[in-house]
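>>> just a sequence and a predicted model for now, questions to come.
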Amino acid sequence: MTEKTDRRQFIRLCGRTAAAMAVARAAGHRVIAPAFALENPPRVRLVKADGSPLKAKDLPLHANWIFHYPYHSSPALLIKLDDPAPPTEVEDKDGKAYTWPGGVGPDKNIVAYAAICAHALSYDSKETAFLNYRRERNQMTGHGRVITCCAHASVYDPAAGAKVLAGPAKFPLAAVLLEHRAETDELFAVGLIGSELYGEFFKAYRKELRKAFGRSRYKKMVEGDVVAMPVKEYSEDAIKC
Amino acid sequence: MAEKKTTGRRAGMDRRDFLKTAGLAGAGAVAGMGGIVGSAAPAAAAVAGPLGRAADLPPRKGQRVVVVGGGWSGLTLAKYLKKANADFDVVLVEPNAMFMSCPLSNLWLGGVIGIDILLHSYVEAARNNGYVWLQAMLVQLDREKRRAWTTAGYIDYDYIVLAPGIDYDYPSLGVKDPAEAAIVAQAYPAAFKPGSEHLSLKEKLDNFEEGTFVLNVPPGNYRCLPGPYERACMIASYFKKEGIKGKVLLLDPNEEPTIKAEGFLKAFEELYKDVLEYHTATTITGVDVGKNQVITEFGEIEFADASLYPRVRAARLIEDLGLNDPKSRQYEAKIDPFFYNVPGDLHTYVTGDSRSQPFSKSGNTANTEAKVVAKIIAARAAGKEPKWESPNTICYSMVNTDPNESIMVDAKYTFTKDKGWDFTDVKLITERSRQLGKANIEWGKGLYRDMFM
């Protein structure tokens, strides 16, 4: 799949993505639609390894969890921050502004981003997770409460749309849009906005993704329930740097 | 200076060889003309062979930028010039048939990674990123007419970037005679210009039976500051693993490792006490190929085998084109320290390890610097003011292979009037770890993706 064909799946906002953005707008924030959003994004429920729904209250504070979205092979980080994360304006890879709609959940502190580095596509695999959220300051960059990619020390702010704080990355990680259902406390992944990188991701890793996720399954979109678990359980090595 | 007579094997001898085969009457004169602006460049009508014809290239669509040298600097430049301005017509001139990485090559010597990780295709790089690769070597330049002659014909251009890398300065090892230098280079290849030198070093290790294997740290600013120390660790680790009755002897003119000293010294002490000897303040003043000896001011050292790393100089091409800074002992290019152009010439640039700024001559430096220079050229082509940004030197070194453990440093550069260039934003991790070992390998893979995808 070339970047071009893949990009066709990303068009101006529709359906669920627009709905998620509307939440931010309703809260009185100025909302700028992203130039790219996943077309017909799957709506999936996040569940724990045992298949039971993952509730917002079950997610520990400072969680550094992983699930796969929007494709079976594309990892995303699920993070519970200390503080509510309000909608934030960030810029995509072409320098176009868009609004990241902010954290969800009772405390508006649950966020999710693609675990594929916007710099050189390092990602979180079963063998090694190069991108991790950690509350403590890391040695390599001195930043705390950030997502760090330890391959080249790119640092992203999960409380602000994964804005780049340091390192060679030039634009934020793609943001997974989450929804929280208050009645059941369940979490759903419903869309993806920001900068499209999946064409390049598949191109770079096709061989290993086929092996790990199935020859054609790796590039199929997820559906139904999707398992989320701590990175350190998913991956042999959650790299600290 | 007598020291000027180095071998400059790739840039010098190959060019002469080519000129011979091209059967040019005034071949010597052409090679010696060295970029004298507006000089009597070969007149097209009178010259047979590649110097007399245009290179076979697709028709020029926009402003043409020629990038000379397909190393870390040139490859990144070619790609990011296209990113900065899609209308640029970019031609990468590189004679090698494929790319081999010097960064991470010590890990291959240590048996940590396969050689496939180091090898990449110029065809892929060019096709994926919308530029043209011309498999050729630059032989002459007319900066006034903006015409570059290569072994595959001449190219007319708007901008040219020279990123030819390094050559070795054998007189720095006390080997003053060029003929002798060629023998030393074959006997004990330095293996910091990737390709056959590296394969040869691997061959030496595979065939090593017992005794001392000598490595050295060159004086001055050399390619890959931690390289000799990391290589000493990798070879020592290999000796240990294979139960080889040998030791690595690392000779260093400095008082301690030039970078990540604490991390390296800890590894030497804790991991390689019996297989690695580190001699500081020791300069090689001569080499005796017949006796398998290096000469230092403390006497002769006999060895079973060696890989000797002379002082590094900017690629001979820079001097041949008359672009070296006469004040630079390492023949580095005289360029604007912030915008990389040759003084008074906004169409000629020099980047990578031939630059004159005292930046670390590393892959990561070249990669990040090239992105800045691509933007500088795009800005100038559009009539805008360019902006300086610091290159970034993220540099891992593997010090153990059982398990794979690395240390790292991350630094930028700053310039002040009174101090000149200095490191800034330095982050150092001297505690070796398995996790940094993984990050080390991913560092390379990520940058290969950045250059070739």
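Yes, it's here. Numbers count the residues shown, from 1 in each chain, chains lettered A, B, ... in the order given.

>>> how about whichever residue of chain A sits closest to chain B, phi and psi?
Across chain A, the shortest distance to chain B (Cβ to the nearest Cβ) belongs to A:A120, at 3.3 Å. No exception for glycine: its C-beta is placed from N, CA and C like everyone else's. Torsion angles at A:A120 (phi, psi; degrees, to the nearest 10) stand at phi -130, psi 20.

>>> which residue, other than its chain neighbours, is closest to it?
Excluding its sequence neighbours, the residue lying closest to A:A120 (Cβ to Cβ, 6 or more residues apart in numbering or on different chains) is B:G446, at 3.3 Å.

>>> relative to A:P84, how far out is the one you found?
Separation of B:G446 from A:P84 (Cβ to Cβ, to the nearest Å) stands at 33 Å.

>>> who's more crowded, these two?
Counting neighbours by other Cβ atoms under 10 Å in any protein chain shown for B:G446 and for A:P84 shows that B:G446 has the greater number, 22 against 14.

>>> please, which helix or strand holds the more buried one?
For B:G446, the element it lies in under DSSP states H and E is helix B:434-452.

>>> report all helices and strands that that helix contacts.
strand A:237-238, helix B:72-84, strand B:119-120, helix B:122-129, helix B:363-381, strand B:392-401, strand B:404-416 (3 or more Cβ pairs under 8 Å, 6 or more residues apart in numbering or on different chains; DSSP states H and E).

>>> hey, C-alpha coordinates of it in PDB?
Extracted C-alpha coordinates of helix B:434-452, given in PDB (Å, rounded to 0.1, in the frame of the first residue of the first chain):
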ATOM      1  CA  ARG B 434      20.300  -3.700  27.700                       C
ATOM      2  CA  GLN B 435      17.500  -1.300  26.900                       C
ATOM      3  CA  LEU B 436      19.900   1.300  25.500                       C
ATOM      4  CA  GLY B 437      21.400  -1.600  23.500                       C
ATOM      5  CA  LYS B 438      18.000  -2.100  21.800                       C
ATOM      6  CA  ALA B 439      17.600   1.600  21.400                       C
ATOM      7  CA  ASN B 440      21.100   1.700  19.800                       C
ATOM      8  CA  ILE B 441      20.100  -0.700  17.000                       C
ATOM      9  CA  GLU B 442      16.700   1.000  16.500                       C
ATOM     10  CA  TRP B 443      18.600   4.400  16.300                       C
ATOM     11  CA  GLY B 444      20.300   3.100  13.100                       C
ATOM     12  CA  LYS B 445      17.200   1.400  11.600                       C
ATOM     13  CA  GLY B 446      15.200   4.600  12.100                       C
ATOM     14  CA  LEU B 447      17.800   6.700  10.300                       C
ATOM     15  CA  TYR B 448      18.100   4.200   7.500                       C
ATOM     16  CA  ARG B 449      14.300   4.600   7.100                       C
ATOM     17  CA  ASP B 450      14.700   8.300   7.200                       C
ATOM     18  CA  MET B 451      17.200   8.200   4.300                       C
ATOM     19  CA  PHE B 452      16.000   5.400   2.100                       C
END
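
>>> relative to helix B:72-84, how tilted is it?
Angle between the axes of helix B:434-452 and helix B:72-84 is 60 degrees (criterion: axes from the mean of the first three to the mean of the last three Cα atoms, to 10 degrees).

>>> any idea how far helix B:434-452 is from the middle of the chain?
Between the centre of helix B:434-452 and the centre of its chain there are 19 Å (Cα atoms, centre = their mean, to the nearest Å).

>>> also stretch B:109-127?
16 Å.

>>> can you tell me the average pLDDT over it?
Averaged across stretch B:109-127, pLDDT comes to 98.

>>> contacts for it?
Around stretch B:109-127, the neighbours that count as contacts under Cβ atoms under 8 Å, 6 or more residues apart in numbering or on different chains are B:70, B:75, B:78-79, B:92, B:94, B:96, B:98-101, B:104-105, B:107-108, B:132-133, B:135, B:194, B:198, B:201-202, B:205, B:231, B:233-235, B:237-238, B:241, B:398, B:401, B:404, B:441, B:444-445, B:448, B:451-453.

>>> quick one: end-to-end distance for that stretch.
31 Å (Cα to Cα, to the nearest Å).

>>> in it, which residues are buried?
Neighbour-count burial for stretch B:109-127, with 16 or more other Cβ atoms under 10 Å in any protein chain shown as criterion, is recorded at B:109-110, B:112-113, B:117-118, B:120, B:122, B:125-126.

>>> in these, find the pair that's most separated.
Greatest spacing in the buried residues of stretch B:109-127, by Cβ to Cβ: B:G110 and B:A126 (31.7 Å).

>>> right, and B:T365 touches B:P358 too?
No. Using Cβ atoms under 8 Å, B:T365 is not in contact with B:P358; the gap is 10.9 Å.

>>> A:I110: neighbour count?
A total of 23 residues lie near A:I110 under the criterion other Cβ under 10 Å.

>>> actually B:G344, not the one I wrote
8.

>>> cool, A:K207 as well?
Based on other Cβ under 10 Å, the number of other residues close to A:K207 is 8.

>>> that one belongs to a helix?
Yes. Using DSSP: H, G, I helix; E, B strand; the rest coil, the assignment for A:K207 is a helix.

>>> which pLDDT value goes with it?
96.

>>> then B:I36?
39.

>>> can you check B:A22 too?
Value for B:A22, per-residue pLDDT: 38.

>>> sorry, back to before: and the residue nearest to A:A120, what pLDDT?
On pLDDT, B:G446 comes in at 98.

>>> again with B:H198
Note on B:H198: pLDDT of 98.

>>> from A:E186, how far out is it?
For B:H198 relative to A:E186 (Cβ to Cβ), the value is 56 Å.

>>> between those two, which one's more packed in?
Just comparing B:H198 and A:E186: by other Cβ under 10 Å the higher neighbour count belongs to B:H198, 24 against 16.

>>> nearest to the spatial middle of chain B, which residue is it?
Against the mean C-alpha coordinate of chain B, by Cα atoms, centre = their mean, the closest residue is B:G165 at 4.0 Å.

>>> in the stretch 51-200 of chain B, which residue sits nearest chain A?
Closest point on the stretch 51-200 of chain B to chain A, by Cβ to the nearest Cβ, is B:N128, at 8.6 Å.

>>> tell me the contacts of that residue?
Counted by Cβ under 8 Å, 6+ apart, B:N128 has contacts B:452-453.

>>> around chain B, which positions in chain A sit nearby?
A:117, A:119-122, A:128, A:130, A:139-142, A:150-153, A:168, A:200, A:203-204, A:237, A:239-241 (Cβ under 8 Å from any Cβ of the partner chain).

>>> sketch out the low-pLDDT regions of the chain for me.
Chain wasn't specified; assuming chain A. Flagging of chain A using pLDDT under 70 yields the residue ranges A:1-15.

>>> not quite, go with chain B.
B:1-46.

>>> contact distance from chain A - what residues of it qualify?
B:364, B:368, B:392, B:394, B:408, B:410, B:427, B:429, B:433-436, B:438-439, B:442-443, B:445-447, B:449-450, B:453.

>>> switch the cut-off to 6 Å
B:394, B:410, B:427, B:429, B:435, B:438-439, B:442-443, B:446, B:449-450 (Cβ under 6 Å from any Cβ of the partner chain).

>>> in PDB, list the C-alpha atoms belonging to the host helix or strand of A:R45.
Using DSSP H and E, A:R45 sits in strand A:44-47. Backbone C-alpha positions of strand A:44-47 (Å, rounded to 0.1, in the frame of the first residue of the first chain) are rendered in PDB as follows:
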ATOM      1  CA  VAL A  44     -14.400  -0.400  19.200                       C
ATOM      2  CA  ARG A  45     -14.800  -1.100  22.900                       C
ATOM      3  CA  LEU A  46     -11.600  -1.400  24.900                       C
ATOM      4  CA  VAL A  47     -11.500  -4.600  27.000                       C
END
